[in-house]
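> How does the following fold in three dimensions:
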Amino acid sequence: MLAREMSRLSRNDKDFCHLIELCQVFGSLLGDGEQVYDPALMDDQLVLGIKGTLSVVELRVLRMRLTQGQQAKAKRGELRRGLPVGYAYDGDGKVVLDPDERVRHAIQIVFQVFRQTWSVRQTVLRLHTDGIQVPVRRPSGPRTVLTWKLPRPSFIAYLLHNPWYAGAYVWGRAKMEHVYR
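Numbers count the residues shown, from 1 in each chain. Now for the predicted structure:
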């Protein structure tokens, strides 16, 4: 098996060790841009093991740097994520209310009905009874498309719990452990 770089053969230590074992069983050689290795030889096993470990460490460092970059952008309030319905980015990249008045009005109605009923279920029932549709963003290839539908309870709950509607920029609401494997 030939590869330009050994790190391209696997993404973790376990897979790389399994690959070396298979090559030993079938008497295959491994080669990269520098040398051809025979996994049956102890010296070549050692070199392949070191190269595999270094490639895994390199991938972990890259993932860690990407995550840290995201966190730094989020702390500065510059991390651009998908916005909830009713908000959009303007030409300068700032978050503004959606320019479509129909979208803004529909979101306003959802909050007004909720303030009257104080229940997600009752809000959905009232919107269905009145035939009020809400805007929903759906992915369509590289873009998102706005469609109008009768609301589901999960959508109304999402709307009511989303901090954007309270005017807050939030990132990292859920604590996540980053395991760099």
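
> Quick check: what element follows the top helix by length along the chain along the chain?
Counting by DSSP state H, the longest helix found in the chain is helix 42-76. Next helix or strand after helix 42-76 toward the C-terminus (DSSP states H and E): strand 87-89.

> Direction included, what does that following strand pair against?
strand 95-97 (antiparallel) (DSSP bridges).

> The residue with the largest distance to the centre of the chain and His18: what is the separation?
Here the centre of the chain is the reference, and by CA atoms, centre = their mean the most remote residue is Leu41, at 42.6 Å. From Leu41 across to His18, the span is 18 Å (CB to CB, to the nearest Å). Heads up, the C-betas are built off the backbone N, CA and C, glycines and all.

> Would you mind giving both backbone torsions of the residue nearest the centre of the chain?
Taking CA atoms, centre = their mean, the centroid of the chain lies closest to Arg81, which sits 9.7 Å from it. Arg81 adopts backbone torsions of phi -120, psi 170, taken as degrees, to the nearest 10.

> and the gap between it and Trp164?
According to CB to CB, Arg81 and Trp164 sit 10 Å apart.

> Val61 too?
Computed as CB to CB, the Val61 to Trp164 distance reads 33 Å.

> With Ser154 instead?
Ser154 sits 17 Å away from Trp164, going by CB to CB.

> Same drill for these two, tell me which one is more crowded.
Trp164 (16 against 10; other CB atoms under 10 Å).

> mind listing what that one touches?
Going by CB atoms under 8 Å, 6 or more residues apart in numbering, Trp164 touches 83-84, 87, 95, 170.

> Per-residue pLDDT of the residue farthest from the centre of the chain, please?
Per-residue confidence for Leu41 comes out at a pLDDT of 91.
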